[in-house]
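K.L.:
Got a sequence here, can you model it:
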Amino acid sequence: MSDKAMTADEAVSRLVSGMTLGIGGWGSRRKPMALVRAVLRSGITDLTVVSCGGPDVGMLAAAGRIRKLVAPFATLDSIPLEPHFRAARERGAFELMEIDEAMFLWGLRAATHRLPFLPVRAGIGSDVMRVNPGLRTVTSPYDDRETFVAMPALRLDAALVHVNRADRRGNGQYLGPDPYFDDLFCEAADAAYVSCERIVDTAELAKEGPPQTLLVARHVVTGVIEAPNGAHFTSCAPDHGRDEAFQKLYATTPWDDFAERFLSGDEAAYQSAVRAWRREVS
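P.N.:
Down below sits the predicted model:
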């Protein structure tokens, strides 16, 4: 079995402008931020981003990397609306396909099964259909004749997710309270890159948690990236919580100032800048 370990920059070097990129996690929880920062260091742009949006969306939008966003929301959880996303959206920086969370889930499920769409009740009777005129409905061929939204598959060129543990073959494990949709992102993508807090031997995965925590299967994974604290400033329970103070700094700092201080170097420089900031405020 192949060794899929690589660096964040090596993973991002395989991405290209104009692709559809899925980003796992949920709001400001277990986002693959080390990989997002690597995307920001690259010249990749014109992306269609599919995400339960958090600071991943905010940063990429502020940096002008998003052409279209497909999302049910963009939040920092403790800060209800992601401010950099909001600013970019208000100035019309990208196209938005805003859909119900259940529609988002069914779009990923359709993609994992390589179906063109799946029927879903969510969206019927709401403004989702009005703001997304490209959506279609289907009628049940059975006696009930019920009408459903035909949610199109959210096929991805590549997916980025972050988990607690992984082995070098691509098996990924979450140890927190929720899998989010990370397994679906990987299965819906042509290539999936999984960052983790720590790479361990395969046998160690069984010691870390029960079988149901083995969320991501190696056959859908293209690359594995060891990235300690790689979800920062989002949470990655139980390894670390959300860095609320740093998140507030991010949310209240003009984008150019934040990017210059924290995102002008590589990942080691980012972590060093965060430590320096902590010393300043302690």
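
K.L.:
where along the stretch 151-282 of the chain do the helices fall?
P.N.:
Assigned by DSSP state H, counting those that start in this stretch, the helices in the stretch 151-282 of the chain fall at 182-187, 202-208, 244-252, 255-262, 267-281.

K.L.:
Export the ones you listed as TSV, with columns for mean pLDDT.
P.N.:
Below are those laid out as TSV (pLDDT from 0 to 100):
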stretch	mean pLDDT
helix 182-187	98
helix 202-208	95
helix 244-252	98
helix 255-262	98
helix 267-281	97
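
K.L.:
Quick check: which of these is nearest to Cys52?
P.N.:
Of all the helices of the stretch 151-282 of the chain, helix 182-187 sits nearest to Cys52, with 9.7 Å by CB to CB. Just so you know, the C-beta spots here come from the backbone N, C-alpha and C atoms, and that holds for glycine as well.

K.L.:
can you pull the buried residues of that closest one?
P.N.:
Neighbour counts over helix 182-187 (16 or more other CB atoms under 10 Å) mark 182-187 as buried.

K.L.:
again, but for stretch 224-244
P.N.:
For stretch 224-244, by 16+ other CB under 10 Å, it's 224-237, 239, 242-243.

K.L.:
and the helices of the stretch 151-282 of the chain as a markdown table, adding distance to Ala5?
P.N.:
Output for these, formatted as a markdown table (distance: least, CB to CB, whole Å):
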| stretch | distance to Ala5 |
| --- | --- |
| helix 182-187 | 17 |
| helix 202-208 | 13 |
| helix 244-252 | 28 |
| helix 255-262 | 26 |
| helix 267-281 | 15 |
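
K.L.:
just those: most buried one?
P.N.:
Neighbour counts (mean count of other CB atoms under 10 Å) averaged over each of these peak at helix 182-187, with a mean of 25.

K.L.:
Return that one as PDB; C-alpha atoms alone will do.
P.N.:
Provided in PDB are the C-alpha atoms of helix 182-187 (Å, rounded to 0.1, in the frame of the first residue of the first chain):
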ATOM      1  CA  ASP A 182     -15.900  15.200   5.900                       C
ATOM      2  CA  ASP A 183     -16.400  11.600   4.600                       C
ATOM      3  CA  LEU A 184     -18.800  12.800   2.000                       C
ATOM      4  CA  PHE A 185     -16.500  15.600   0.900                       C
ATOM      5  CA  CYS A 186     -13.800  13.000   0.300                       C
ATOM      6  CA  GLU A 187     -16.100  10.500  -1.500                       C
END
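
K.L.:
And it, what does it pack against?
P.N.:
helix 101-112, strand 156-166, strand 189-199 (3 or more CB pairs under 8 Å, 6 or more residues apart in numbering; DSSP states H and E).

K.L.:
Distance to Ala122 added to the buried residues of helix 182-187, as TSV?
P.N.:
Converted to TSV, the buried residues of helix 182-187 look like this (distance: CB to CB, whole Å):
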residue	distance to Ala122
Asp182	21
Asp183	21
Leu184	16
Phe185	19
Cys186	23
Glu187	21
